[in-house]
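In: Here is a sequence with its predicted model. Questions after.
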Amino acid sequence: MPKKFNEQEKQWIRQKLLEEGKRSFEAFGLRKTSVEDLTKASGIAQGSFYMFFGSKEELFYELLLTEEAVIRDKLLQSIGEDQAVTKESIRRFIMESFRLMSENALIRNMFFEGELEQLVRKLPKELLERNFTEDQDAMMHVVRKWQKAGILKETRPELIVSMFRALVLLSLHKKEIGEAVYSDTIALLVNVLAEGLFVNVTKEGNPL
């Protein structure tokens with residue numbers, strides 16, 4: 001029977017599991033990290049793990065949500081309310097989104113090591129929907145800002161957000177695209193995307 005912990009112990013253990021989970025998931029990935037690995041590193045019995053998380057996938061996912069929230073904040077700060085929006089700033093924003101996502105160790109493991117399928121299969125549906133909603137809400141703010149500025153085409157905002165997500169998901173197919181041309185392909189796609197979304201304007205600021 002799992003040991004009972006007081007509230008202070010629970011907070012400490014939960015934080016320790018998050019810290020050890022982040023370290024192990026970044027180093028070895030989700031598949032090669034076991035609940036036993038996490039509990040040994042945290043100094044608790046294996047059965048006690050389930051007092052804090054329903055599975056190692058849920059622990060991984062909580063860490064993932066935190067990492068994605070940090071990335072969203074960085075991206076939103078990079079396009080402050082007073083910053084002029086141009087075709088180049090749209091291109092930079094998309095490239096920076098892709099760079100931050102693909103360089104993050106947890107996200108990289110999920111996409112590049114093919115662990116996304118395991119998460120989708122094992123996580124409760126409501127947790128997955130939470131992630132999608134948070135991503136969409138953050139990006140919708142950005143897209144509507146660009147459309148309000150009159151330089152982004154009046155396509156349905158949710159479709160533009162979906163297109164951004166689809167671009168990031170291309171990281172799942174690096175080998176199929178070809179590693180030698182992968183980076184240049186992504187750069188070209190981003191340029192084409194920015195060009196296609198951008199509304200050409202006259203010197204007076206009116207759409208052409």
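Out: Yep, that arrived.
In: What pLDDT is listed against residue 36?
Out: Here, the pLDDT recorded for residue 36 equals 96.
In: Show me which residues of the helix or strand it falls within are buried.
Out: Using DSSP states H and E, residue 36 sits in helix 35-42. By neighbour count on 16 or more other Cβ atoms under 10 Å, the buried set for helix 35-42 is 35, 37, 38, 39, 41, 42. For the C-beta atoms, the positions are set from N, CA and C on the backbone; glycine is no exception.
In: for this protein, what spans make up the helices?
Out: Per DSSP state H, the chain carries helices over the ranges 7-28, 35-42, 56-78, 87-103, 105-112, 116-122, 125-148, 157-169, 174-177, 182-197.
In: can you redo these as JSON lines with distance to residue 50?
Out: Listed next are the helices of the chain as JSON lines, based on distance: least, Cβ to Cβ, whole Å:
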{"stretch": "helix 7-28", "distance to residue 50": "11"}
{"stretch": "helix 35-42", "distance to residue 50": "8"}
{"stretch": "helix 56-78", "distance to residue 50": "10"}
{"stretch": "helix 87-103", "distance to residue 50": "30"}
{"stretch": "helix 105-112", "distance to residue 50": "22"}
{"stretch": "helix 116-122", "distance to residue 50": "14"}
{"stretch": "helix 125-148", "distance to residue 50": "16"}
{"stretch": "helix 157-169", "distance to residue 50": "32"}
{"stretch": "helix 174-177", "distance to residue 50": "35"}
{"stretch": "helix 182-197", "distance to residue 50": "40"}
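In: Any figure for the gap between the residue positioned nearest the centre of the chain and residue 186?
Out: Nearest residue to the geometric centre of the chain (Cα atoms, centre = their mean): residue 68, 4.2 Å. Residue 68 is 19 Å from residue 186, where distance means Cβ to Cβ, to the nearest Å.
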